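**Q** sharing a model that was predicted from the sequence below.
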Amino acid sequence: MKILIAFFTAIIIATIAQPVFADKKNKYDPYSVNKNTERLEMLLLINGIKNTYECAIPGTDRGTVTATCHDHDVIDLKTNRIIGSAVDATADVDQIDAGLVATGTTFFKLKNGSFVIRARGTIQPVLYGDPVLNGSPVTHIAGIFPQAGDNHVLSGTGVYKNATGTFSLLGAIDLSNSAEGQAAFNCIYKINLTLNKNH
């Protein structure tokens, strides 16, 4: 448990040490790529014990158009305020030994628009101890990290129209009741977007 807590603490500190611009006004980063674009960095949390359900998603590389989904409030970790809602969806799951590889699609609906991001990542069983986070056991750790040349943004509206960018995800998950359609999530998204001001 100490190892898991130290792991998440180190990631959060390293991330918060950089400028974050996901406040309630959705301000743009003042360091623009050029006069027509702005950079935006967000550090967001989705958490809670959720019932899962089937929902529609944009087609994956495999042609999958339905996924296992769950609804969340979106918490800005800079202000610790709820700034919107999200639907997180998991599809195209492959088992590799004790772990899983899956495609994650997340629909964010925020004050000034919405956007959809997608990437493929790893879900790995916890290998030591019996950790608990926010009152729920942690059975699995999830991770998504960008690779060179990635664009994880599928679509956007409002200020996020025509946005591009990447995200990374670190998650502590309880899948002990997944057969009953319930799971607990504590997932941190570090999202880096380039916004088109001329959308």
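**A** Arrived safely, thanks for sending.
**Q** use CA for all of it now, contacts and neighbours both
**A** Noted.
**Q** and D23, what pLDDT?
**A** If you check D23, the pLDDT there is 37.
**Q** now do L133
**A** 89.
**Q** and it, backbone torsions?
**A** phi -130, psi 130 (degrees, to the nearest 10).
**Q** how many neighbours does it have?
**A** L133: 16 surrounding residues under other CA atoms under 10 Å.
**Q** sec struct for V93, please.
**A** Of the three states, V93 takes strand according to DSSP: H, G, I helix; E, B strand; the rest coil.
**Q** heads up, I number from 13, so please use that
**A** In the new numbering, first residue 13, that becomes V105.
**Q** show me the shaky parts of this structure.
**A** In the predicted model, the chain carries pLDDT under 70 at residues 13-47, 211.
**Q** which parts of it are strands?
**A** 49-63, 65-68, 78-88, 93-108, 111-122, 125-137, 144-145, 148-149, 152-156, 165-168, 176-186, 194-208 (DSSP state E).
**Q** just name the most buried of those.
**A** For the strands of the chain, average neighbour numbers computed from mean count of other CA atoms under 10 Å are highest in strand 176-186, which has a mean of 22.
**Q** I figured I156 hits Q136, correct?
**A** No - using CA atoms under 8 Å, I156 is not in contact with Q136, being 11.6 Å away.
**Q** chain center to stretch 179-191, what's the gap?
**A** 11 Å (CA atoms, centre = their mean, to the nearest Å).
**Q** with stretch 148-167 instead?
**A** Offset of stretch 148-167 from its chain centre (CA atoms, centre = their mean): 6 Å.
**Q** and that stretch, end to end?
**A** End-to-end distance for stretch 148-167, by CA to CA, to the nearest Å: 33 Å.
**Q** which residues touch that stretch?
**A** 127-138, 142-144, 173-188, 196 (CA atoms under 8 Å, 6 or more residues apart in numbering).
**Q** also stretch 132-145?
**A** Residues outside stretch 132-145 that contact it (CA under 8 Å, 6+ apart) are 13, 16, 110-116, 149-157, 184, 198.
**Q** do stretch 89-102 as well
**A** With CA under 8 Å, 6+ apart, stretch 89-102 has contacts from 28, 32, 34-36, 55-58, 67, 69, 79-88, 114-123.
**Q** swap the cut-off to 6 Å and go again
**A** For stretch 89-102, the external contacting residues (CA atoms under 6 Å, 6 or more residues apart in numbering) are 55-56, 79-87, 115-122.
**Q** right, I'll call it a day here.
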